[in-house]
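*Asks:* Okay, predicted coordinates and the sequence, questions at the end:
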Amino acid sequence: MARGHLRIYLGAAPGVGKTYAMLAEGRRRSERGTDVVVGFVETHDRARTAALLDRMEVLPRVSTTHRGTEFTELDVDAVLRRAPDVVLIDELAHTNVPGSRHGKRWRDVEEILDAGIGVISTVNIQHLESVNDVVEKITGVPQRETVPDEVVRAAGQVELVDMAPEALRRRMAHGNIYSPERVDAALSNYFRVGNLTALRELALLWLAGKVDEQLDRYRADHGIGGTWEARERIVVALTGGPEGETLLRRATRIADRSKGADLLAVHVTRGDALRGTRPRDLVRQREIVEGLGGTFHQVVGEDIPRALLDFAGAVNATQLVLGASRRGRSAQLLRPGIGVTTTALSGTIDVHMVTHDQARRGAGRPVPDQGLPARRRAAGFLLAACGLPLLTFVLTQARPPMSLPADILFFLAAVVGIALVGGMWPALFAALAGFLLLDWFFTPPLYEFTIAGQENIIALAVFVLVGIGVSLVVDRAARRSREAAKLGAEAALLSALAGNVLRGEHALDTLLGRLRETFGLTSVTLLERPAPATPGSRDDPADWRIVATVGGRPCTSPGEGDTEIPAGDGLTLAIRGRPLPAGDRRVLEAFAGQAAAALRRQRLEAEAERARPLEAADRMRTALLNAVSHDLRTPLASAKAAVDSLGTTSVDWTPDERAELLDTARESLDRLDRLVANLLDMSRLQAGVIGVAAQPLALDEIMPLALDDAGPGDVTVRLDADLPEVTADPALLERVLVNLVANALRHSSPGEPVLVTAGAIHDRVELRIADRGPGVPPGERERIFLPFQRLDDRDNHTGVGLGLALARGLTEAMGGELVAEDTPGGGLTMIVALPVHRRDPAP
């Protein structure tokens with residue numbers, strides 16, 4: 001069955017019109033004859049959005065009871081039974097109620113897509129995992145509900161529902177998003193112009209990244225190698241020389257002139273490397289690139305201009321920045337430099353030649369040649385074919401004529417020069433040709449292939465032997481030079497790989513991406529075989545599972561790739577693009593081993609994450625035993641002593657003394673009752689079995705009850721008159737407020753009242769309990785919410801340190817949040833955020 005098509009409407013903030021756009025698309029398709037149903041939609045009491053539900057089929061929701069409260073969620077089974085062409089499902093990042101089919105709604109959507117049903121959904125930019133922390137820094141509001149970026153990137157179509165910040169604030173002011181009593185708080189907090197502008201930029205940049213991925217995939221699938229100037233990408237070529245910093249600053253200025261341009265630095269490692277390369281300079285330049293927000297890349301290539309252009313084409317670069325040649329004028333006349341060659345071959349890529357202080361100062365120390373490619377051998381044969389006749393003509397015209405030994409020395413010098421240029425075979429050809437030319441033109445009898453004197457035979461034989469020997473020596477030196485250079489390139493690449501490991505770059509996608517760009521491949525895929533190997537399973541995609549892939553169309557089995565590298569434990573690295581030589585296998589095996597290690601690391605981290613709740617439970621049990629052995633014994637001993645004293649017959653107690661002993665026993669037993677109740681509630685929270693009877697609740701009704709139970713103290717309460725109702729359990733909320741107010745009274749400075757305020761922000765109500773005590777350092781604020789923590793409280797008779805931990809646990813059980821922050825002027829403020837009560841839309 002073909003997988004369903006996923007379409008997502010992405011928004012920068014609530015209220016931009018994602019749900020409205022989704023419903024409008026659903027109605028449009030329905031009118032066109034497509035079978036469309038509504039699986040789950042939140043209208044948020046917006047009349048225009050709710051009106052689009054008219055004449056649309058709405059599937060019933062499934063009811064789930066959690067901790068005594070009934071919730072409604074998407075009914076996946078109802079969608080699968082109905083089997084429409086398309087289903088509309090709102091809020092992709094929503095977290096389902098515990099006990100549901102899946103923990104996240106996006107997993108519900110994945111199951112529906114696997115059944116061949118198309119899905120249209122919505123999500124806000126703040127719910128994407130990759131930008132979740134950035135959004136929290138911008139807005140100050142943490143987002144608990146997230147969806148992996150891979151889920152949204154895998155959608156067949158992502159459409160941005162965009163709206164200018166000013167227009168969105170006007171919609172808010174007109175009451176089109178929230179009710180009038182919530183508008184002022186929203187406009188002054190989350191919906192500030194700066195927040196909305198930053199969120200809008202995040203959404204646009206994220207969508208631009210997805211568009212880039214789609215464009216790269218399309219170009220790879222269709223074999224398009226030319227540059228498409230859809231977005232400015234500036235590639236700067238670094239040699240590791242001292243001019244690199246100048247090139248980087250120039251490239252940065254070019255990128256800054258194009259808003260949103262990408263900066264990429266590339267270093268080509270070839271057989272003989274670049275002259276004047278300094279590893280320290282290259283490391284420093286890499287740090288500069290990353291500090292400027294760019295990326296550093298390293299590729300291997302024998303032909304540097306071609307390697308640069310291949311990399312630029314692979315990343316769809318529009319501009320290439322090169323440094324002016326460091327070679328002198330005479331060297332440039334003999335052979336064009338890298339810049340000239342690159343410019344001639346660049347095609348549609350703009351090439352910037354940047355001058356610098358090192359230009360024309362020489363290329364640095366000489367290095368061995370890279371070997372003898374076909375071009376060098378052709379040049380050697382051409383030199384032999386043209387140079388030897390020319391030398392013969394010059395020597396025959398010499399007056400007076402030279403002796404045969406002198407002629408042999410000239411020819412020997414020519415053979416050595418040809419060997420240095422073209423290697424063994426051109427030199428052998430030159431030696432044999434020189435022998436014939438010397439015999440014909442310079443050895444008596446002239447113009448005959450005969451030799452009269454014995455000494456002449458010996459001289460010519462030595463000439464041939466020396467020519468052959470020089471040819472062999474030059475050829476062997478060239479081969480060794482090439483081998484050493486290749487090993488040096490591999491060492492540099494493995495060093496970069498080791499550096500990635502030391503810097504903690506263990507992500508599979510990053511590792512495979514570096515392998516792909518290093519060798520100029522189309523795609524790199526890490527495959528895993530879950531079951532043992534069977535005959536023919538190597539080429540059967542059903543026996544393999546794709547663990548990670550980068551680039552174009554992935555390999556579904558090792559047989560589809562041009563090269564495969566076993567990575568151990570049933571893992572194989574499949575490479576598509578071009579067959580790689582056996583000499584590169586060491587590097588490929590290193591990448592494969594690192595990829596397998598990265599996969600194991602990810603899985604171990606996942607197992608450790610699953611083990612953390614068990615570790616927390618062990619710590620809880622240990623702390624509970626400590627509490628029982630110490631803190632519970634004290635009130636129990638006090639009560640027992642008072643009761644024993646009252647029961648003794650040897651002492652005649654006065655009425656006042658008897659009343660005092662009864663009060664002591666009563667206080668000790670009341671304290672013991674509170675401690676036991678807190679311990680039991682904390683145990684229920686840890687086990688997830690505490691009952692929550694959530695209902696609409698007004699804070700001004702519950703606050704007086706909580707203040708009565710919190711004990712004596714100066715508390716000032718300021719609640720807004722138009723506060724909306726919250727969804728909470730009255731008994732649990734009272735317990736939370738009692739603990740927080742009692743804690744604030746205990747730590748507040750003498751004469752300073754505790755201030756309790758509340759206000760509506762976005763879709764929640766924030767209740768603030770502020771004291772004027774010593775406060776808590778920022779690094780310790782999370783620790784005060786752990787069970788059995790007193791944070792430097794030396795009074796062991798005030799409880800077992802469960803009050804704040806219990807308050808947070810009960811708050812989260814009701815769907816709220818409890819955090820601590822500084823009180824302006826000194827002290828600590830506890831913030832209880834509870835969801836505003838909202839009614840489910842009528843079916």
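*Replies:* Cool, got the structure. Residues are numbered from 1 along each chain as shown.

*Asks:* ok, which stretches of the stretch 701-843 of the chain are strands?
*Replies:* 715-719, 726-728, 754-761, 764-770, 817-822, 828-835 (DSSP state E, counting those that start in this stretch).

*Asks:* my guess is residue 437 contacts residue 395, does it?
*Replies:* No. Checked against C-beta atoms under 8 Å, the pair residue 437 and residue 395 is beyond contact range at 9.3 Å. In short, each C-beta sits where N, CA and C put it, glycine included.

*Asks:* quick one: low-confidence parts of the stretch 351-500 of the chain?
*Replies:* 357-373, 399, 452, 482-500 (pLDDT under 70).

*Asks:* Okay, helices next: where are they in it?
*Replies:* For the stretch 351-500 of the chain, the helices defined by DSSP state H, counting those that start in this stretch occupy 374-396, 404-422, 424-441, 454-502.

*Asks:* can you put the ones you listed in TSV and add mean neighbour count and distance to residue 106?
*Replies:* Below are the helices of the stretch 351-500 of the chain laid out as TSV (neighbours: other C-beta atoms under 10 Å; distance: least, C-beta to C-beta, whole Å):
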stretch	mean neighbour count	distance to residue 106
helix 374-396	15	56
helix 404-422	20	64
helix 424-441	20	65
helix 454-502	16	31
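
*Asks:* any chance of those helices in JSON lines, plus distance to residue 26?
*Replies:* Supplementary listing: the helices of the stretch 351-500 of the chain in JSON lines, determined by distance: least, C-beta to C-beta, whole Å:
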{"stretch": "helix 374-396", "distance to residue 26": "63"}
{"stretch": "helix 404-422", "distance to residue 26": "73"}
{"stretch": "helix 424-441", "distance to residue 26": "74"}
{"stretch": "helix 454-502", "distance to residue 26": "46"}
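
*Asks:* Residue 12: which of these is closest?
*Replies:* Residue 12 lies closest to helix 454-502 among the helices of the stretch 351-500 of the chain, at 34.0 Å (C-beta to C-beta).

*Asks:* in the helix or strand that comes right after that closest one, what counts as buried?
*Replies:* Using DSSP states H and E, the next helix or strand after helix 454-502 towards the C-terminus is helix 508-519. Neighbour-count burial for helix 508-519 flags 508, 511-519 (criterion: 16 or more other C-beta atoms under 10 Å).

*Asks:* and if you look at stretch 3-13?
*Replies:* Buried-residue list, stretch 3-13, by 16+ other C-beta under 10 Å: 4-13.

*Asks:* Between the helices of the stretch 351-500 of the chain, which one is closest to residue 312.
*Replies:* Among those, helix 454-502 sits nearest to residue 312 (C-beta to C-beta), with 19.8 Å.

*Asks:* Could I get the buried residue list for stretch 707-721?
*Replies:* For stretch 707-721, a neighbour-count test (16+ other C-beta under 10 Å) marks 707, 710, 715, 717, 719 as buried.

*Asks:* residue contacts, the fourth one?
*Replies:* In this structure, residue 717 makes contact with 703, 707, 756-757, judged by C-beta atoms under 8 Å, 6 or more residues apart in numbering.

*Asks:* where in the stretch 601-750 of the chain is pLDDT low?
*Replies:* Those would be 616-634, 674-675, 678-679, 681-690, if you go by pLDDT under 70 across the stretch 601-750 of the chain.

*Asks:* and if we set it to 80?
*Replies:* Along the stretch 601-750 of the chain, segments meeting pLDDT under 80 span 602, 612-638, 648-651, 670-693, 708-712, 720-721.

*Asks:* how far away is residue 715 from residue 128?
*Replies:* Counting by C-beta to C-beta, to the nearest Å, the gap from residue 715 to residue 128 is 42 Å.

*Asks:* follow-up on the earlier one: nearest to residue 591, of the helices of the stretch 351-500 of the chain?
*Replies:* Among the helices of the stretch 351-500 of the chain, helix 454-502 sits nearest to residue 591 (C-beta to C-beta), with 6.9 Å.

*Asks:* Find the helix or strand that the closest residue to residue 516 other than its chain neighbours is a member of.
*Replies:* In space, and not counting its chain neighbours, residue 516 is closest to residue 524: 4.7 Å by C-beta to C-beta, 6 or more residues apart in numbering. Here residue 524, judged by DSSP H and E, is contained in strand 523-528.

*Asks:* Now do the same for the closest residue to residue 736 other than its chain neighbours: its pLDDT.
*Replies:* Nearest residue to residue 736 in three dimensions, chain neighbours excluded: residue 807, at 4.6 Å (C-beta to C-beta, 6+ apart). On pLDDT, residue 807 comes in at 84.

*Asks:* got the contact list for the residue nearest the centre of the chain?
*Replies:* Central residue of the chain (C-alpha atoms, centre = their mean): residue 130, 6.5 Å from the mean position. By C-beta under 8 Å, 6+ apart, the residues touching residue 130 are 149, 206.

*Asks:* how close does it sit to residue 209?
*Replies:* Taking C-beta to C-beta, one finds residue 130 at 10 Å from residue 209.

*Asks:* now the buried residues of helix 508-519 in JSON lines, with distance to residue 310 and pLDDT?
*Replies:* Output for these, formatted as JSON lines (distance: C-beta to C-beta, whole Å; pLDDT from 0 to 100):
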{"residue": "508", "distance to residue 310": "24", "pLDDT": "74"}
{"residue": "511", "distance to residue 310": "21", "pLDDT": "78"}
{"residue": "512", "distance to residue 310": "19", "pLDDT": "83"}
{"residue": "513", "distance to residue 310": "16", "pLDDT": "81"}
{"residue": "514", "distance to residue 310": "16", "pLDDT": "78"}
{"residue": "515", "distance to residue 310": "15", "pLDDT": "81"}
{"residue": "516", "distance to residue 310": "12", "pLDDT": "83"}
{"residue": "517", "distance to residue 310": "10", "pLDDT": "79"}
{"residue": "518", "distance to residue 310": "12", "pLDDT": "77"}
{"residue": "519", "distance to residue 310": "11", "pLDDT": "78"}
